[in-house]
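*Asks:* Next come a sequence and a model predicted from it.
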Amino acid sequence: MRLIPREERFFDMFVEDAANVLAAARELEAMLRSYDDIEIRAKRIFDMEHHGDDLSHAIGNRLNTTFLTPFDREDIHGLVTGLDDVLDLIEEAADTFLLYHIDSPRPSAVQQATIIVRQCESLHEALTNLRGFKGVKDHWIEVHRLENEGDQIARAAVADLFANSKDPIDLVKWKDIYGLLEACIDKCEDVADIIEKIVVKHA
């Protein structure tokens, strides 16, 4: 009888982890849209990243003490690591705006942040529905669609940067920022791939 609560708790912890990532993504988007109190907003994201580390460690500890897991241990590890990577990139992007002393965000960066939020919403919904391994497919498909949209935004942004930037230092700064945001979008797709693999194995 102890086995069932252990399995149930794993699913709850995945949802909690994804909710924290989503909160950080929303904070990043809000930071770029308003661009006020950016130090405070970046600190909030930093705190969320540390909370994410705590959640990852808690899931890892449970994994080490649970005999029978709801699905393969390597997939649990991959899922948690992927979510942690998304959160790390969100925090790094927010911090880079501070480190580079960016006066105001470019519209393409705001669009990328919005893509990340929408991907994280889909990942959160997918993990909320993961119990039973049903009702998940539409969410991972949406993450893939958003990755394609984000790729188009990034390509156009970098092309515009090289075509119109007069300041080489400014060019390097924004190329880095676009790259971080694009990497986050790609990492969200990696998490969606892991979720898809889990469902295919167990549905």
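*Replies:* Looks like it arrived, so ask away.
*Asks:* Okay, helices next: where are they in the chain?
*Replies:* For the chain, the helices defined by DSSP state H cover 3-34, 38-65, 73-99, 107-128, 137-164, 168-202.
*Asks:* which other helices and strands contact the fifth one?
*Replies:* Under the contact definition 3 or more CB pairs under 8 Å, 6 or more residues apart in numbering; DSSP states H and E, helix 137-164 sits against helix 107-128, helix 168-202. C-beta: built from backbone N, CA, C; applies to glycine.
*Asks:* can you pull the contacts of the one residue sitting closest to the centre of the chain?
*Replies:* Residue closest to the average C-alpha location in the chain (CA atoms, centre = their mean): Val86, at 3.4 Å. Counting by CB atoms under 8 Å, 6 or more residues apart in numbering, Val86 touches Val21, Ala25, Ile116, Cys120, Cys184, Lys187, Cys188, Val191.
*Asks:* Please identify the one among those that lies nearest to Asp170.
*Replies:* Cys184 (21.6 Å; CB to CB).
*Asks:* count of neighbours near that closest one?
*Replies:* Look at Cys184: counted by other CB atoms under 10 Å, it has 27 neighbours.
*Asks:* before we move on, the earlier item: so can I have CSV of the contacts of Val86 showing distance to Asp12?
*Replies:* Shown next, in CSV, are the contacts of Val86 (distance: CB to CB, whole Å):
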residue, distance to Asp12
Val21, 15
Ala25, 20
Ile116, 24
Cys120, 18
Cys184, 25
Lys187, 23
Cys188, 21
Val191, 18
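*Asks:* can I get those residues in a markdown table with pLDDT and distance to Met13?
*Replies:* Below are these laid out as a markdown table (pLDDT from 0 to 100; distance: CB to CB, whole Å):
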| residue | pLDDT | distance to Met13 |
| --- | --- | --- |
| Val21 | 98 | 13 |
| Ala25 | 98 | 19 |
| Ile116 | 98 | 22 |
| Cys120 | 98 | 17 |
| Cys184 | 98 | 22 |
| Lys187 | 98 | 20 |
| Cys188 | 98 | 19 |
| Val191 | 98 | 15 |
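*Asks:* Quick check on those: which are buried?
*Replies:* Buried members of the contacts of Val86, counted by 16 or more other CB atoms under 10 Å: Val21, Ala25, Ile116, Cys120, Cys184, Lys187, Cys188, Val191.
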